[in-house]
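Q: fold the following.
(one chain, ligands or ions: 1)
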Amino acid sequence: MCGIIGYNGNGPAVGILLTGLEKLEYRGYDSAGIAVFQNERPRVVKTEGRLANLREKIGTEEPVNGSVGIGHTRWATHGAPTGANAHPHQSDTGLFTVVHNGIIENYARLREILTDDGYTFTSETDTEVIAHLLEKYYKGDPVQAMVRALPLLEGSFALGILCADFPGKLYGARRSSPLIAGLAEDGSFLASDIAALLQYTNEVYRFDDGELAALGKDSVEFFNSGGEKVQKHKAVVDLSPESVEKGGHEHFMLKEIMEQPEAIRNTLLPYRDKNGKIVIEELALSPADIREINKIFIVACGSAYHAGIVGKYVFEELLRLSVEVDIASEFRYRRPILDEHSLVIIISQSGETADTLAALREAKKRGAKLLSIVNVKGSSIARESDMVLYTKAGAEIAVATTKAYSAQLAMLYVIGAYFAQQLKTVAGQALAELISALAALPETVSRALELSGTVEDIAAAYYTHDHAYYIGRNLDYAAALEASLKLKEISYIHSEAYPAGELKHGTISLIEEGTLVMALCCSSRLLLKTAANIKEVKARGAGVVCVCTPDTQADLEADRVITVPHTHHLIMPSVEVIPMQLFSYYVAKLRNCDIDKPRNLAKSVTVE
Ligand code: F6R
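A: Residues are numbered from 1 along each chain as shown. Sure thing, here's the model as predicted:
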């Protein structure tokens, strides 16, 4: 949700800011802007639309010279995505220039107060109040202005700030929205995400909540919310600059789909010992602690929530423990019944999703044990969790997740197998079969990726449809949820996922001649049941594409069949989702959609 970049160095800021914004554009892309100190005054250039529009505007105006500046790419929350609402925003006299990621919840009240004080507003954004407040409380020291102004803000923010009295400095502050600083040979940097900094440095300072910073050309000073200096340590980020490039693929999404065997392999690697047992050293839970757990909650948003649904089926079957899966934005407000015998598993790729973070805090307050599955090291969720298991998907840039979802599934299987091993709820031989299927999963997923050509042909046959229904039972249904989300988010085709047995309780009234039904049929135990549901939709004219395994392909009355390799039934979702991701990708491509940056979306949803 919005990308922030800041640079203070010796090079020309404009190019560095624009390159940084390119790397952050996945976070929001409805308008963009920069401010660069030129002749000791910040010069602002901003415009609605993609970064390309900003580049064009900068190209047609007088050259922007200067080596200190801030930039922003926006995902609108308050006010339409217009040029006036684009960041940066300035205080009345231009003393403060601000870029912001987050939401100021009490901005309406602050705006009234500031208007009464005589400040004028030129945008509909919540951000503008920050610039005015800083000016109001400024007495010659920008850090002290932040110390006085920022506690008045309710909500979340990551800020990049310029103060016209200090053209050699750049300021930053954070509450609940991600922000890092970096120091490289070429100068100092602020950014929402490491992707923007990797070409300069992989060593970063992470802002803790409430911290402020002042960045010089070769210095980064941190302060606590009271303005006292704090010592920070650098963290080394294990990513290469190439990991945030497309690597010859047309889209990040395709690159990331193809990287899934590696993402799964890297995620599984640390957890299997040479005797074929699962070991999880990061887990501070003794076998006795695990035995004391009487209920598991899995809490997440979007695709991570869908991974959680797979987890429910897997855990309930392996552990015979009750598992509830909840959407974080619901969980946080529904006063869930938790105690010290509850284990709450939080899943998040970014580790910054606002609702998921709030759900984690709610669970903590209620005394539950907390275990998070996170892809981004040092993210807010990782830092606030009792125990963290990192998926090793690497940087995921496409807004629609693929490899991070697959890595989350892999991690859930590991946890399920480990708990089953500790609780002895599964016979040794059966557990060994699961663990060896898990070890072979990267290879099985590689074979599923070989179906790319077949899936592209099927996409060509159906890409003009306006509606799609995904059906399946149990784990097939869990995979169908993710398959359906992938299609709708990147191709804008209306799509719904249903338990195959539920369709006839209402939704089947929407099936008519030619309606597309994607039937996931990889569970041999429930094959005949789903086969009957397929017949029901076929009888009403649906065109049916089935995803099945060599064992389940007979008895299916389908127009097109995608046969994926077979593996252990509990981990089939990891395999069947692969052609579904590819299907969505090729359909979106044929519909000329902006695959990596679908409309209205942004990666890392740091607002409620
Ligand atoms: C869909 C997608 C989203 C995310 C969701 C949670 O393709 O990527 O649904 O899964 O916004 O994000 P994280 O995992 O970062 O908490």
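Q: neighbours of Thr122, just the number please.
A: By other C-beta atoms under 10 Å, the residues close to Thr122 number 11. No exception for glycine: its C-beta is placed from N, CA and C like everyone else's.
Q: my bad, should have said Glu316
A: With neighbours defined by other C-beta under 10 Å, the count for Glu316 comes to 14.
Q: before we move on, what about Tyr313?
A: Tyr313 sits with 21 neighbouring residues when counted by other C-beta under 10 Å.
Q: over to Asp339?
A: Counted with other C-beta under 10 Å, the burial measure for Asp339 works out to 11 neighbours.
Q: doesn't it belong to a strand?
A: No: looking at Asp339 with DSSP: H, G, I helix; E, B strand; the rest coil, it is coil, so not inside a strand.
Q: can you offset everything so residue one is 18?
A: Right, with 18 as the first residue, what we last looked at is Asp356.
Q: quick check: it vs Ala385, distance?
A: As judged by C-beta to C-beta, to the nearest Å, Asp356 and Ala385 stand 7 Å apart.
Q: and the helices in the stretch 318-467 of the chain?
A: Listed from the start of the chain, the stretch 318-467 of the chain has helices (DSSP state H, counting those that start in this stretch) covering 319-336, 345-348, 371-382, 397-401, 420-440, 445-456, 458-466.
Q: so Ala317 sits against Ile363, correct?
A: Yes: Ala317 sits in contact with Ile363 when judged by C-beta atoms under 8 Å, with a separation of 6.7 Å.
Q: what's the overlap in contacts for those two?
A: Here Ala317 and Ile363 share the contacting residues 345, 373, scored by C-beta atoms under 8 Å, 6 or more residues apart in numbering.
Q: leaving out sequence neighbours, find the closest residue to the residue of the chain found nearest the ligand.
A: Nearest residue of the chain to the ligand (C-beta to the nearest ligand atom) works out as Gly319 at 1.8 Å. The shortest distance from Gly319 to any residue that is not its chain neighbour, by C-beta to C-beta, 6 or more residues apart in numbering, is 7.0 Å, and that residue is Leu502.
Q: what's the neighbour count on the one you found?
A: Burial measure for Leu502: 23 neighbouring residues, criterion other C-beta under 10 Å.
Q: so it: helix, strand or coil?
A: In terms of secondary structure, Leu502 is helix; the call rests on three-state DSSP.
Q: who are the contact partners of it?
A: 319-320, 323, 512, 514.
Q: now Ala449
A: Residues in contact with Ala449, defined by C-beta under 8 Å, 6+ apart, are Gly293.
Q: pLDDT wise, what is it at?
A: The predicted local distance difference test score for Ala449 is 96.
Q: now do Ser402
A: In this prediction, Ser402 has a pLDDT value of 93.
Q: contact residues of the stretch 318-467 of the chain facing the ligand?
A: Contact residues (C-beta under 6 Å from any ligand atom) of the stretch 318-467 of the chain with the ligand: 318-321, 365-367, 370, 373, 417-418.
Q: switch to 5 Å and redo it
A: When proximity is defined by C-beta under 5 Å from any ligand atom, the stretch 318-467 of the chain lies next to the ligand at 318-321, 365-367, 370, 417-418.
Q: isn't His511 right up against Lys505?
A: Yes: taking contacts as C-beta under 8 Å, His511 lies within contact range of Lys505: 6.6 Å.
Q: with neighbour numbers in mind, choose between those two.
A: Here His511 and Lys505 are compared on neighbour count by other C-beta under 10 Å; more neighbours surround Lys505, at 17 against 14.
Q: how near is that one to Ser512?
A: As for Lys505, its distance to Ser512 is 4 Å (criterion: C-beta to C-beta).
Q: could you do Leu35 as well?
A: Between Leu35 and Ser512 the distance is 36 Å, computed by C-beta to C-beta.
Q: got the contact list for Gln598?
A: Taking C-beta under 8 Å, 6+ apart as the criterion, Gln598 is in contact with 274, 419, 500, 503.
Q: got the angle for the helix or strand that contains it vs helix 420-440?
A: Gln598 belongs to helix 589-607 when assigned by DSSP states H and E. With axes from the mean of the first three to the mean of the last three C-alpha atoms, to 10 degrees applied, the angle from helix 589-607 to helix 420-440 works out at 170 degrees.
Q: pLDDT on helix 589-607, on average?
A: Confidence for helix 589-607, expressed as mean pLDDT, is 98.
Q: dump it to PDB, restricted to CA.
A: Output in PDB follows, covering the C-alpha atoms of helix 589-607 (Å, rounded to 0.1, in the frame of the first residue of the first chain):
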ATOM      1  CA  MET A 589      -2.300 -32.600  -3.700                       C
ATOM      2  CA  PRO A 590      -3.400 -28.900  -3.400                       C
ATOM      3  CA  SER A 591       0.300 -27.900  -4.000                       C
ATOM      4  CA  VAL A 592       0.200 -29.700  -7.300                       C
ATOM      5  CA  GLU A 593      -3.300 -29.000  -8.600                       C
ATOM      6  CA  VAL A 594      -3.000 -25.300  -8.000                       C
ATOM      7  CA  ILE A 595      -0.100 -25.000 -10.500                       C
ATOM      8  CA  PRO A 596      -2.200 -25.400 -13.700                       C
ATOM      9  CA  MET A 597      -4.800 -23.200 -12.100                       C
ATOM     10  CA  GLN A 598      -2.200 -20.400 -11.600                       C
ATOM     11  CA  LEU A 599      -1.100 -20.900 -15.200                       C
ATOM     12  CA  PHE A 600      -4.700 -20.900 -16.500                       C
ATOM     13  CA  SER A 601      -5.300 -17.500 -14.800                       C
ATOM     14  CA  TYR A 602      -2.000 -16.100 -16.100                       C
ATOM     15  CA  TYR A 603      -2.700 -17.100 -19.700                       C
ATOM     16  CA  VAL A 604      -6.300 -16.000 -19.600                       C
ATOM     17  CA  ALA A 605      -5.300 -12.600 -18.300                       C
ATOM     18  CA  LYS A 606      -2.600 -12.300 -20.900                       C
ATOM     19  CA  LEU A 607      -5.100 -13.100 -23.700                       C
END
